[in-house]
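Undergrad: Predicted coordinates and the sequence they were generated for:
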Amino acid sequence: MRWLILAALVLCSVYDVRGLSVPIWATCLSFVLAGVCLIQRGGFPAYEIILSLIPGILLFLYSLAARGMMGAGDALIIMAVGLGTGFLPAIVAICLAFVLAAVFAAVLIVFFRKGRSFRIPFVPFIATGTGVALWLI
């Protein structure tokens, strides 16, 4: 069932690549699938649910502080990932996403002469990080 969340992330990635934004219905779909995963596993204690949302909440606070450099939709996607997979896979996914995005940005800067203002979609990196996290954990 956790792999359905990954499928929703791939769908969100397509929208993010095309328009640098994720539609709210796709984000809601991710939350619904995460809720189904949570129910199917018999749920978590309340403290584990709160703990699994922390990576997304921290990313949301970062998106507010970054003033448009990162979208709030990315944070909502990470919240859904945390809810559906748990705290540890969400942490692994977001760490991998940041590393992959940094490598991609470095390639764009060095080889394609893109500047700091060039925007890249982040949800594909979240989807890749989540896929690796689900495979590893």
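TA: Arrived safely. Numbering: from 1, shown residues only.
Undergrad: taking the mean pLDDT, what do you get for the longest helix seen in the chain?
TA: Determined from DSSP state H, the single longest helix within the chain is helix 87-112. When pLDDT is averaged along helix 87-112, the result is 94.
Undergrad: again with stretch 53-65
TA: Stretch 53-65 comes out at a mean pLDDT of 91.
Undergrad: Show me which residues of that stretch are buried.
TA: For stretch 53-65, burial by neighbour count (16 or more other Cβ atoms under 10 Å) applies to 53, 55-56, 59-60, 63. Using the backbone N, CA and C atoms, a C-beta is placed for each residue, glycine as well.
Undergrad: what does stretch 29-46 give?
TA: Under 16+ other Cβ under 10 Å, the buried positions of stretch 29-46 are 29-31, 33-34, 37-38.
Undergrad: Closest to R113 out of those residues?
TA: Taking Cβ to Cβ as the measure, R113 sits nearest to S30 out of those, at 34.8 Å.
Undergrad: Same list, the buried residues of stretch 53-65, but as CSV with secondary structure please.
TA: Output for those, formatted as CSV (DSSP: H, G, I helix; E, B strand; the rest coil):
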residue, secondary structure
L53, helix
P55, helix
G56, helix
L59, helix
F60, helix
S63, helix
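Undergrad: quick one, strands of the chain?
TA: Assigned by DSSP state E, the chain shows no strands.
Undergrad: which stretches of it form helices?
TA: Counting by DSSP H, the helices of the chain are 2-19, 24-40, 46-65, 72-85, 87-112, 123-136.
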